[in-house]
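> Build me a model from this:
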Amino acid sequence: MSRMRVVVVGGGIGGLALGAGLRRRGYEVMVFDRDTDVAATGGYHITLDGRALSALRELVAPEVMRRLLASSSALRLRDRDAIWDRHGRLLGLGPDLSGVSSVDVDRITLRTLLAEEVRDDLYLGRTVSGVRQDDDGVPRVLFTDAPPVPADLVVGADGAHSLVARHLAGRRTNSPAGIVGFSGRTLRADLGPAERRRLGLRSGLAIGPRGAALYIGFLDPVGNAALDAPELRMSVTTGPTYIWGAMFPESPGTDSLRALRGGELRAALSSRFRAFGWAGHTLEVIARADPDGVAAYRFNAASTRAAELAPWAAGRITALGDAVHATPPTAGMGAGAAIRDAAALLRHLGDAGDGTTTVEAVARFEAEMRRRGGEVLTLAMKTVRLILATDTTLGAAATAVTTPVLAAAARLWHRGAHGTDDHTVPGRPAGL
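I've put the predicted structure just below:
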C-alpha cells in the first residue's frame, strides 16, 4: 500500500512543524514556500508556552528539542512583567514567572531548526497560485511556473493571506484588526544606566492615550537559556536584547509611517509618541534600536467565535494556523497555536485507517482547531480592544486621569513591600 501524500502550502512555523511531524511518522510529504531562504523571515521572536512545547515534542526528535531549549530564553528566569504609563511610571507587575515552562525563541532559529527536520521535502522558491479538486476528488496544488502537484491531502499553512483558506471559504478568513505595529530590536547594553534600571530584566507594556502603546520584550537566550548546553546553541540573539513593538490605531498618519524605512522610520516613531505626550526617556529603546531592523506590520484577526472559524465542510483540503485563526501578536500565542494545530492534525490522521477515513480525521481536527483558535483570539483581542479604547475622547481622558493614580498606588505598594521605590525585583541585578 502506498504512503499517504500530504502537500503543505507554506513554510512558516506551522507548515514546517507539520512537515517535520509527517516526515518523522513516515508520510510522504512536500512543503512548498515562496521564500528562497528560511532565515529571511519577518518577525523577531515568538513565545512558546507549555502546550506548544508539548505539541512540538510530538513533531520533532528529542535532540531537536534540546537544541531549541539551548537556544531559547526561559521566562522563569526573568523578572515579573510590568505595565507602565507614557511617563515610564510603573502601574503594576504581572504574576510570578518562576514556575512557568514557557520560552521565547528567535523566529529565525525555530524556523531553521524545523526546516532542517523537513530536509529535502522542503521546496523553496515555489510560488503557489491556487488549489483545486478534480472530478475524481483528488486535490491538486497549482503553481505559477510548474505543473500541478496531486495529493491525498492538502494543508494550507500559508498565513493570514492564505490562498488555500480563501479557496475553501470563498472569501478572506480575517480582516485588519485596526492596529498597525512597528517592531525593532535594541541591545540592552546600548541603553543608558537609568533606562536599563527602569526596564529591568523583564518584558512589559506601556499604554498611553490615543491608542499609543509600546511593548518591550526581554530576550536573552544566553544568560537566560532554558537549557544550559552552549554546544547546542544556535540563537540569533547572543546577548540581552529588548524586542519592542510600537502600536497605533490605523489612520492616514500610520499609513504614511509604513512607507518609511530605517532611521527615518525610527525617528518618525519617536516623534509620534512625543506628540502624544510620552516622556523622552521611555523612547530611548526606540532611539537606540538598530535602524536596519525597524519594520512595519499590520494586525489581522479572524473572528473570536469558534463557530465562524474554518467555515467549510471537511474534505481533503484543509488549513491551519493563521490561515484559519489569524491572531494579533498581543497574546504571544499565534505561532504556538499553529504548532498545536500541526500536532493535532497529525494525531487525527494517525486514526485514519483504523475505521476512520481521512475526511473524518480532518473533520475532528477542524472541530478541535476551531475551539483552540477561538480561545487564542479572545485573549489576543483583549489587548487590542484595550488599546483602541484609549483612542476615543472618553478613553483618552480616562487614561490620562487614572494612570497617575495607579502609578502612585504602585509606588506605595512597593515602598511598603520592599522599603524602596526601586521597581526591580530584589535579588536580581539591575544591569548585566
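
> how far away is residue 336 from residue 56?
Counting by Cβ to Cβ, to the nearest Å, the gap from residue 336 to residue 56 is 9 Å. Bear in mind the C-beta positions are built from the backbone N, C-alpha and C, glycine included.

> Centre of the chain to stretch 132-148, how far?
Offset of stretch 132-148 from its chain centre (Cα atoms, centre = their mean, to the nearest Å): 31 Å.

> which stretches of the protein have low pLDDT?
Flagging of the chain using pLDDT under 70 yields the residue ranges 1-2, 353, 394-432.

> domain parsing for it?
The domain map for the chain lists 5-34+125-174+302-385, 177-300+392-418, with the assignment taken from automatic domain parsing.

> Next, format these as JSON lines and append mean neighbour count.
Shown next, in JSON lines, are the domains of the chain (neighbours: other Cβ atoms under 10 Å):
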{"stretch": "domain 5-34+125-174+302-385", "mean neighbour count": "21"}
{"stretch": "domain 177-300+392-418", "mean neighbour count": "18"}
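
> okay if I get the ones you listed as JSON lines plus distance to residue 84?
Listed next are the domains of the chain as JSON lines, based on distance: least, Cβ to Cβ, whole Å:
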{"stretch": "domain 5-34+125-174+302-385", "distance to residue 84": "15"}
{"stretch": "domain 177-300+392-418", "distance to residue 84": "4"}
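
> Out of those, which is closest to residue 100?
Residue 100 sits nearest to domain 177-300+392-418 of all the domains of the chain, at 11.0 Å, using Cβ to Cβ.

> Please identify which helix or strand holds residue 117.
Secondary structure here is read from DSSP states H and E; on that basis residue 117 sits in helix 107-118.

> contact partners of that helix?
Residues lying outside helix 107-118 but in contact with it, judged by Cβ atoms under 8 Å, 6 or more residues apart in numbering, are 11-13, 16-17, 19-20, 23-24, 29, 31, 38-39, 41-46, 60-61, 64, 67-68, 71, 122, 221, 234-236, 335.

> From the contact counts, what lies against the next helix or strand after it?
Downstream of helix 107-118, the first helix or strand assigned by DSSP H and E is strand 122-124. The contact analysis (3 or more Cβ pairs under 8 Å, 6 or more residues apart in numbering; DSSP states H and E) places strand 122-124 against strand 28-33.

> quick one: the strand it packs on to helix 107-118, angle?
Comparing the axes of strand 28-33 and helix 107-118 via axes from the mean of the first three to the mean of the last three Cα atoms, to 10 degrees yields an angle of 150 degrees.

> now the helix holding residue 117, how far from the chain's geometric center?
Here helix 107-118 is found 15 Å from its chain centre; the criterion is Cα atoms, centre = their mean.

> With stretch 248-256 instead?
Here the centre of mass of C-alpha atoms in stretch 248-256, compared against the chain's by Cα atoms, centre = their mean, lies 22 Å away.

> Done for today, thanks.
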